[in-house]
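**Student:** sequence unknown, structure follows:
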């Protein structure tokens, strides 16, 4: 992390205004690919399939999808559900603060819910 500012300065210094920032490439007619990475909220995956030079399928599984997933085929709860077990709820509490804290600790990406 300490080296990041210097690396960012080098990257910015390499930018030449009005110069192309990418090389245009023709996509293959048929292809498949995936990209997997660890994002701030957890694991992120993209799966892509090209047919006749066009995107035929593009699937995204975002961290919020993993964290807020339902129980699996074996009945194992998702991460959020498992974390909510035992969360204290005071008598008469209609919107339990502890439950809100647990849910927000997963930093849900509401945009991801449209995937």
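**Tutor:** Sure, I can see it. Worth saying up front: this structure is predicted, and the values here are computed from it rather than measured.
**Student:** residue ranges of the helices in the protein, please?
**Tutor:** Using DSSP state H, the helices of the chain run over 4-13, 63-67, 79-84, 97-105.
**Student:** Of these, flag the one that's most buried.
**Tutor:** Ranked by mean neighbour count, these are led by helix 63-67 with a mean of 20 (mean count of other CB atoms under 10 Å). The way it works is simple: take the backbone N, C-alpha and C, and place the C-beta from them, glycine included.
**Student:** what's the burial count for residue 37?
**Tutor:** Residue 37: 8 surrounding residues under other CB atoms under 10 Å.
**Student:** who touches it in this structure?
**Tutor:** Residues near residue 37 by CB atoms under 8 Å, 6 or more residues apart in numbering: 43, 44.
**Student:** To what extent is residue 20 buried, counted in neighbours?
**Tutor:** By other CB under 10 Å, 7 other residues sit near residue 20.
**Student:** repeat for the one 3 residues further on
**Tutor:** Counted with other CB under 10 Å, the neighbours of residue 23 add up to 5.
**Student:** Could you export the helices of the chain as TSV, including distance to residue 53 and mean pLDDT?
**Tutor:** Formatted as TSV, the helices of the chain follow (distance: least, CB to CB, whole Å; pLDDT from 0 to 100):
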stretch	distance to residue 53	mean pLDDT
helix 4-13	32	94
helix 63-67	29	86
helix 79-84	39	93
helix 97-105	43	90
